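In: Pasting a predicted model and its sequence here:
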Amino acid sequence: MNLPKLQPRSIGLICLAITSIGWGVNWPAMKFLLTEWPPLFARGCAGVIAAMAIACIAACLGQSLHVPRAQIIRLVVSAFINVFAWMGFSTLSMRWLHAGQAALLVYTMPVWATLLAWPLLGKRPSATSLGGLALCIGGVGLLFGGHELALGVDKLPGVLFALGAAILFALGTVAVAPLALPPLTSLAWQLALGCAPMLMYGLLVEKPDFGAISPAGIGVMIYMTIVPMAVCYLTWFAALRRLPPATASVATLLTPVIGVGAAALALGEPLGGREAAAIGMTLAGIALAMRKG
């Protein structure tokens, strides 16, 4: 008799697990793809293909792709913040950073959302929020400690791109109201509007060598298009329909942990005591900053 009440939560948790694993594994996958194709072209190509696939799914499910005129400006702003900045800047950051380092910096987003809510919404951060920010900064500092700190100037562009992605996405979370569109329609348009400029820039400026991609690179490209762009966004929206937003948000903090672990296994990036402590401090800081009170 209790099964109907438990089933939606179980489905939501499964969807969150799929989202976190898919997005986390995508960090080292994207890092590998950067050795064969330029970053914005690769991300833009995957996003545009995913947008077309999601649009087809929406049409098959009977969801209209029409965007009311009143929603167009908000849609463009959302596409820039949620897709172009979030995906484009985080992708560029991996030119200078390890995939795990980029993941940890980008997923400081909840901390910045907490701080931005003060001037924009009048929600003053609590002592726990400020303590969380301190823990987060300490974790990032530990991540770049030792020999990494000596290379800080070389890594600065990557740090700025990763933090820019986090802060802009946080700004969108706090200041941009949800679009009055069906979820699949909203996602298809945001991916298309956000990724098409990346694809055009990649073709005109980065000038990819189409023959340079290996069979492994093609596999990564297919994975990035189907899993992180399409499937993970679909499971993310499905989870939000079945779980409280706070539960879903905290669960996404598994993504950078998976990203660091996957980068260590797939790319041989460092994963020792310092990295483990940095992960713990950063995730603890984000979780603490998201607490109320």
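Out: Yep, it's here. Residues are numbered from 1 along each chain as shown.
In: for this structure, where's the lowest mean pLDDT among helices and strands?
Out: Least confident helix or strand, the chain: helix 147-150 with a mean of 47, by mean pLDDT, DSSP states H and E.
In: What's the first helix or strand after that helix?
Out: As assigned by DSSP states H and E, the chain's next helix or strand after helix 147-150 is helix 152-175.
In: so where's the chain shaky on pLDDT?
Out: The chain contains residues with pLDDT under 70 at 1-6, 99-100, 143-152, 177-178, 244-251, 290-293.
In: Just give me the longest helix of it.
Out: helix 3-33 (DSSP state H).
In: in it, what's buried?
Out: Within helix 3-33, the residues that count as buried by 16 or more other Cβ atoms under 10 Å are 11-13, 15-16, 18-33. C-beta here means a position set from N, CA and C on the backbone, and glycine is covered the same way.
In: Run through who's touching whichever helix or strand residue 261 is part of.
Out: Assessed by DSSP H and E, residue 261 sits inside helix 254-267. With contact meaning Cβ atoms under 8 Å, 6 or more residues apart in numbering, helix 254-267 is reached by 19-21, 23-29, 31-32, 98-100, 103-104, 106-107, 269-271, 275, 279, 282-283.
In: for stretch 214-222, same thing?
Out: So stretch 214-222 is contacted by 29, 30, 32, 33, 36, 37, 42, 45, 46, 213 (Cβ under 8 Å, 6+ apart).
In: Go again with 6 Å.
Out: With contact meaning Cβ atoms under 6 Å, 6 or more residues apart in numbering, stretch 214-222 is reached by 29, 32, 33, 36.
In: show me what contacts residue 108?
Out: For residue 108, the contact set (Cβ under 6 Å, 6+ apart) comprises 136, 166.
In: what angle do the longest helix of the chain and helix 254-267 make?
Out: Inter-element angle recorded for helix 3-33 and helix 254-267: 40 degrees (by axes from the mean of the first three to the mean of the last three Cα atoms, to 10 degrees).
In: What residues of the next helix or strand after helix 3-33 count as buried?
Out: Helices and strands here follow DSSP H and E; after helix 3-33, the next one along the chain is helix 39-60. Across helix 39-60, burial judged by 16+ other Cβ under 10 Å covers 39-51, 53-55, 58.
In: do stretch 60-72 as well
Out: In stretch 60-72, counting by 16+ other Cβ under 10 Å, buried: 63, 67, 71.
In: who touches the last one in this structure?
Out: Contact criterion Cβ under 6 Å, 6+ apart gives residue 179 as the residues in contact with residue 71.
In: and if you look at the second one?
Out: Contact partners of residue 67, counting by Cβ under 6 Å, 6+ apart, are residue 75.
In: 7 Å instead, please
Out: 75, 181, 189 (Cβ atoms under 7 Å, 6 or more residues apart in numbering).
In: State the three-state secondary structure for it.
Out: Here residue 67 is coil, with the state taken from DSSP: H, G, I helix; E, B strand; the rest coil.
In: how near is it to residue 98?
Out: Noted for residue 67: a distance of 39 Å to residue 98, by Cβ to Cβ, to the nearest Å.
In: next one: the first one
Out: Counting by Cβ to Cβ, the separation of residue 63 from residue 98 is 39 Å.
In: now do residue 284
Out: Counting by Cβ to Cβ, the separation of residue 284 from residue 98 is 21 Å.
In: same check, this time on residue 74
Out: For residue 74, the distance to residue 98 (Cβ to Cβ) stands at 36 Å.
In: Neighbour count for the two, which is higher?
Out: residue 98 (24 against 16; other Cβ atoms under 10 Å).
In: Could I get the contacting residues of that one?
Out: The contact partners of residue 98, by Cβ under 7 Å, 6+ apart, come to 263, 269.
In: From residue 90, how far out is it?
Out: 13 Å.
In: One more: residue 270?
Out: Relative to residue 90, and taking Cβ to Cβ, residue 270 is found at 20 Å.
In: cool, residue 121 as well?
Out: Distance from residue 121 to residue 90, by Cβ to Cβ: 25 Å.
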